[in-house]
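Novice: Give me coordinates for this.
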Amino acid sequence: GEITMDDDELQRIYQWIDEIPLSRPKRNISRDFADGVLVAEVVAHYYPRMVELHNYPSANSFAQKMYNWQTLAKKVFKKLGLSLQKEEMEALSNAEPQAVEQLLKRLQVQLARYNLRKQQQREQQQLEQGGAQHFAGSPGTTDEAGGSPPGPRFGAPPRPADASGENRLRPLPTGG
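Specialist: Numbering: from 1, shown residues only. Below you'll find the model as predicted:
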């Protein structure tokens, strides 16, 4: 049951990832993301306390990549309500085309949902505390997650990319 993503969807994913500072240059998304490290960094960008990056060493061997994905699935994706099957982990570790993009697409949706839940919890707590004096975003109150995804822009189609711009992910030419 393979789902292929169209160019627009892929572009949106690439633009989203381009906005997140990662520890490695992004050249070939399937290979660069195959060991799970960069995916951990994407989540950590929004929720630094959710991800202990030292748990995810760069990996070349299939076994170590699988281990990273299993750790991510157990420790991080679970909190986000994202489940990852063994077959998907294998596809990711083997750098199969679009495995990463499909995961990132789901991750983007789950991060947005998680953010919304967090926001609703905060609003609920504020109501229970009687109010507006603890309004989110006032100085001195920081989100326990250490920085939440930006408001409505998150998950919305990003701005059109400028055509120049080094280091952007391009869909690989097919065939050849």
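Novice: longest helix anywhere in the protein?
Specialist: The residue-count maximum for a helix in the chain (DSSP state H) belongs to helix 99-128.
Novice: Show me what it is packed up against.
Specialist: When contacts are defined as 3 or more C-beta pairs under 8 Å, 6 or more residues apart in numbering; DSSP states H and E, helix 99-128 packs onto helix 7-18, helix 29-32, helix 37-46, helix 78-80, helix 86-93. (Each C-beta comes from the backbone N, C-alpha and C, glycine too.)
Novice: Please name the residues that touch V76.
Specialist: A40, V43, M50, V51 (C-beta atoms under 8 Å, 6 or more residues apart in numbering).
Novice: highest average neighbour count across the helices and strands packed on helix 99-128?
Specialist: helix 37-46 (a mean of 21; mean count of other C-beta atoms under 10 Å).
Novice: any idea how far the helix or strand just after that helix is from the chain center?
Specialist: Counting by DSSP states H and E, the next helix or strand C-terminal to helix 37-46 is helix 62-72. When C-alpha coordinates are averaged (C-alpha atoms, centre = their mean, to the nearest Å), helix 62-72 and its chain have centres 17 Å apart.
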